[in-house]
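Undergrad: here is the input, now give the coordinates:
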Amino acid sequence: LRTLVLRECDVTDVGLRELSAGGLRNSLAALNIIMCRRVTDEGVAWLARLPRLTQLDLAGCEAVTEVGLASLSRARLTGLTALNLQMCHMVCDAGVAELALIPSLESLNLGGSAVTDAGLGQLAKLPNLTALNLTTCTHLTDVSLKRLSNGALQGKLRALSLFGNYRFTDDGV
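TA: This next block holds a predicted model:
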């Protein structure tokens, strides 16, 4: 089994511990646990033990913070190319700094997170980032827009979503 979807299930950290220690440990490449609201940083730490993981969808796992993301960055998941953290409201600049240590990331969804202009600058460290979703990241301002158009991400991004960022103005465009 290479792909597992547990979307909107009552999965907890205990279940993720069992998953990471079981027979799928060396085969699972894609895991979708969208809206599994009982998953915390401890569960993400268990997921960091899945060496073949390429896609991880944690959207709506509202208890995930920079602590869990640090587990992912320390695990050296060299194949992790896609990470969805949409609606993970506790992911902030410290979490983005951890994500910047995962150079294999190509697609990153931070929609609805608490990232600010300062944290967004960390993403320039991701050499393979081509898709970025910053939908409803309401702490971002025109400073971020200018960084995106003039900074290290310029020319690398092929897809960028900025929907719902009411603090963006003509000055940033």
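
Undergrad: and D13, how far is that from K146?
TA: For D13, the distance to K146 equals 40 Å [Cβ to Cβ, to the nearest Å]. Heads up, the C-betas are built off the backbone N, CA and C, glycines and all.

Undergrad: cool, R49 as well?
TA: 39 Å.

Undergrad: after the helix or strand harbouring V44, next one along is what?
TA: Using DSSP states H and E, V44 sits in helix 41-47. Later in the chain than helix 41-47, the nearest helix or strand by DSSP H and E is strand 55-57.

Undergrad: mean confidence (pLDDT) on that following strand, please.
TA: The pLDDT scores in strand 55-57 average 98.

Undergrad: pretty sure V67 is in a helix, no?
TA: Yes: under DSSP: H, G, I helix; E, B strand; the rest coil, V67 falls within a helix.

Undergrad: that one contacts G43, correct?
TA: No: taking Cβ atoms under 8 Å as the definition, V67 is not a contact partner of G43, at 11.3 Å.

Undergrad: these two: who's more crowded?
TA: Legend: neighbour count by other Cβ atoms under 10 Å for V67 and G43, higher for G43 (27 against 16).

Undergrad: contacting residues around that one?
TA: 11-13, 15-17, 61, 68 (Cβ atoms under 8 Å, 6 or more residues apart in numbering).

Undergrad: repeat that for 10 Å
TA: With contacts defined as Cβ atoms under 10 Å, 6 or more residues apart in numbering, G43 is in contact with 11-17, 19-20, 33, 36, 58, 61, 63-64, 68, 71.

Undergrad: tell me the spacing between it and L123.
TA: For G43 relative to L123 (Cβ to Cβ), the value is 24 Å.

Undergrad: for the lowest-mean-pLDDT helix or strand in the chain, buried residues please.
TA: Within the chain, no helix or strand scores below helix 142-150, which has a mean of 86 by mean pLDDT, DSSP states H and E. Within helix 142-150, the residues that count as buried by 16 or more other Cβ atoms under 10 Å are 142-145, 147-148.

Undergrad: do the same with stretch 51-64
TA: 53-64.

Undergrad: equivalent analysis for stretch 85-95, please.
TA: Neighbour counts over stretch 85-95 (16+ other Cβ under 10 Å) mark 85-88, 90-95 as buried.

Undergrad: again with stretch 165-173
TA: 165, 168, 172.
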